[in-house]
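[1] 3D model of this:
(2 chains)
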Amino acid sequence: MFDLAGYGPQILAGTLTTIELSVFSLVVSFLLGLAGATAKLSKNRALRGVATVYTTIIRGVPDLVLMLLIFYSLQIWLNDFTDWLNSLQSRYDMELPLDPLTSGIITLGFIYGAYFTETFRGAFQSVPKGQLEAARAFGMKPALVFRRVLFPQMMRYALPGLGNNWQVILKATALVSIIGLSDVVKAAQSAGEATFRGFYFICIAGAVYLALTMISNGVLMLLERKYAIGVRRATL
Amino acid sequence: MIQIIQQYGVAYLAWDGYRISGLAMTLWLLVLSCAIGFCLALPLAIARNAKNPLIWFPVWLFTFIFRGTPLYVQLLLIYSGIYGLAFVHHSAPLNAFFRQAIDCTVLSFALNTGAYTTEIFAGAMKETSFGEVDAARAFGMSRVTLYRRIVIPSALRRALPVYSNEVILMLHATTLAFTATVPDILKVANDAYSATYDPFDSFSLAAIIYLCVSFALIFGFRRAERHFLAFLQP
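    Here you go, the predicted model:
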C-alpha cells in the first residue's frame, strides 16, 4: 500500500516498542497512582506530606527535564549502588546496565504516577461514603472493601481522567526517542535521513500515533460502558 | 552544584549582554506560541460550532490531527521534514523562514496549542446558556454583536481554568525546543551537563527554574480567576 523503501520492518518494530513502552508505563503509573492516592487520603501526616510533595513537584516540572534528569542520574546511582555492593562482597562483579526501554518505563511511570494520583484521589472521594460503611458493616476486611466495593465504583469516576492520561502517556513516549530508544519516531527519522524523504516518513510516524489514538478511543468507550453498568442516567 | 551555578547561573537566568538567557528564551517561546495559538483558536472555535459541515469538518480534522500526534513529531515534521521538501528550497521566503530553528519551533508550538485551545473555547461556547443567547436575540442583536458582546466574553471567562492548564502544559512543552537547537533553559542545562558530567545537578537546576515559573503562572491565573470569575465564587 505504502512505499516504505524497505523500512517497513523497522517501523513496525518501532511501533511495537512504542506500544510496549506505553503499556508498561501505564501499569507502573497506575500502581503508583493507586499507592499515591491512598497515601494522600490516609490519616498519617508523613505519608500525606510525601505524596503531596511528589505530585506537586512532578506536575510542576516538564516531563522532558525529568526524563533527562532521571535517565542520566539513574544509571550513575545504580553504578554507585552496585559498586558499594561489590565492595561488600568482592566475590561478585555485579553490574546493572539500564537499557533505554527500562529507564523509559521507570521514568514515564514515575512521572505519570503523579497525574494518576490526582485522578484516583478525586475518584476515591467520589464514591459515596455509605457504600464503604455498608461494606464494613458486612464485616469485610479493608482489602476486601477495596477489591469488591471501592475499586469497581471508583473506576467509573476515574475512567475519563485515566483515558486522558493514557493518551498523554502514548504521546509522551515520543520523547523517549530523544534518550535513545528506537521507537517509531526514531525509525521514521532514520528512514527519512537515509532516503532523503524526511517529510514522508515523519508523516507515517504521525499516522501511526493517530491510529493508536483512535484504537484507544474505541477501547475506552467499551470500558466506560462496562463500568457504567447498573448506573441510572437521568433522562432530560 | 555551586560550581555549576557559578559557571552557568548567568546562562540559565540572567542577561550577559549579547546572548539571551535560557529563562528569557523559554518565556519568549511560551508567550509567542500562546499568543499566536490564541488568535488562531478564537475564529476556529467559532467555526468548530458552525452548522455547515464544510466549515466545521476541516476544523475538526485540524484539531484531531494536532491533538492525536505528539508535539515532538509535529516539531520534527516542521523543523526537519518541511525543509527537505523541494518547493521550499526553491522559494526564497519559505527557505528563509524554515531555515531558522526558532521560526519552526514557534510555528509548531502555536499550531499545537491552537488546536487544543480551539477545542477548549469551542466547548465553552457550546455551553453558553440558552437564555443568554435568547435574550440577546430578543434585543435584536446581529450575529456579530451576539458573539462580540455575549458569547465570546462569557465563553472566555468560563474557559479560563482549563485554559490555564493548557498554558502550563505549553510551558512544559517548550522544553522540546532544545531538540531543535533553540537555546532555552533545558539547552543551558544540557550544556552544563556535557561540560561537568553531573546530570543530577545540572538538570535539577533547570527543574527548579521550571517549577518556579509554573508556580508563578499558577498564581497569576488564580488571581485572574478571582477577578474574571468573581460571579462564580461561593
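[2] how much space between the residue nearest to the spatial centre of chain B and B:Gly114?
    For chain B, the residue sitting closest to the mean C-alpha position, by Cα atoms, centre = their mean, is B:Cys34 at 3.6 Å. Counting by Cβ to Cβ, to the nearest Å, the gap between B:Cys34 and B:Gly114 amounts to 9 Å. In this view, the C-beta of every residue, glycine as well, is placed from N, C-alpha and C.
[3] Could you pull out the buried residues of the worst-scoring helix or strand of chain A on mean pLDDT?
    The helix or strand with the lowest mean pLDDT-type score in chain A, counting by mean pLDDT, DSSP states H and E, is helix A:63-88 (a mean of 85). Applying a neighbour-count criterion of 16 or more other Cβ atoms under 10 Å in any protein chain shown, one finds A:63-74, A:82 buried in helix A:63-88.
[4] got a list of what the residue nearest to the centre of chain B touches?
    Contacts here follow Cβ atoms under 8 Å, 6 or more residues apart in numbering or on different chains; on that basis B:Cys34 touches B:Thr113, B:Val167, B:Met170.
[5] Look up how far A:Ile111 lies from the first one.
    B:Thr113 is 21 Å from A:Ile111, where distance means Cβ to Cβ.
[6] how near is the residue positioned nearest the centre of chain A to chain B?
    Of all residues in chain A, the one closest to the mean position by Cα atoms, centre = their mean is A:Leu26, 2.9 Å from it. Taken as Cβ to the nearest Cβ, to the nearest Å, the spacing of A:Leu26 relative to chain B amounts to 16 Å.
[7] these two touch, right, that residue and A:Gly163?
    No. Assessed by Cβ atoms under 8 Å, A:Leu26 is found out of contact with A:Gly163, at 11.1 Å.
[8] mean confidence for stretch A:186-203?
    Averaged across stretch A:186-203, the pLDDT comes to 87.
[9] number of nearby residues for A:Glu133?
    Neighbouring residues of A:Glu133 were enumerated by other Cβ atoms under 10 Å in any protein chain shown; the total is 11.
[10] near chain B, which residues of chain A show up?
    A:57, A:60-66, A:68-69, A:72-73, A:76, A:171-175, A:177-178, A:185, A:189, A:192, A:196-199, A:202-203, A:205-206, A:209-210, A:213-214 (Cβ under 8 Å from any Cβ of the partner chain).
[11] Let's see which of those end up in helices.
    Filtering those for membership in helices, criterion DSSP state H, returns A:57, A:60, A:63-66, A:68-69, A:72-73, A:76, A:171-175, A:185, A:189, A:192, A:198-199, A:202-203, A:205-206, A:209-210, A:213-214.
[12] who's in contact with the residue of chain B positioned farthest from its centre?
    Counting by Cα atoms, centre = their mean, the extreme residue of chain B relative to its mean C-alpha position is B:Ala138, 37.8 Å from that point. By Cβ under 8 Å, 6+ apart, B:Ala138 lies in contact with nothing.
[13] if we can go back for a sec, contact partners for the residue nearest to the centre of chain A?
    Residues near A:Leu26 by Cβ under 8 Å, 6+ apart: A:Tyr112, A:Trp166, A:Ile169.
[14] tell me which of those is nearest to chain B?
    For the contacts of A:Leu26, the closest approach to chain B (Cβ to the nearest Cβ) belongs to A:Ile169, at 10.7 Å.
[15] Around that closest one, count how many other residues there are.
    A:Ile169 is flanked by 22 other residues according to other Cβ under 10 Å.
[16] likewise B:Tyr193?
    By the measure other Cβ under 10 Å, the count of residues near B:Tyr193 is 21.
[17] Now it: closest residue in space, sequence neighbours ignored.
    Across the structure, with Cβ to Cβ, 6 or more residues apart in numbering or on different chains as the measure, the residue nearest B:Tyr193 apart from its sequence neighbours is B:Ser202 (4.2 Å).
[18] Which element, helix or strand, includes that neighbour?
    Counting by DSSP states H and E, the element that carries B:Ser202 is helix B:199-228.
[19] what distance separates that helix from the centre of its chain?
    Between the mean C-alpha location of helix B:199-228 and the chain-wide mean there is a distance of 15 Å, by Cα atoms, centre = their mean, to the nearest Å.
[20] got the buried residues for the helix-or-strand element of chain B with minimal mean pLDDT?
    The helix or strand of chain B with the poorest confidence is helix B:2-12; it has a mean of 73 (mean pLDDT, DSSP H and E). Applying a neighbour-count criterion of 16+ other Cβ under 10 Å, one finds B:Ile4, B:Tyr8, B:Val10, B:Ala11, B:Tyr12 buried in helix B:2-12.
[21] Distance check, the last one against chain A.
    What it means is B:Tyr12. As defined by Cβ to the nearest Cβ, B:Tyr12 lies at a distance of 12 Å from chain A.
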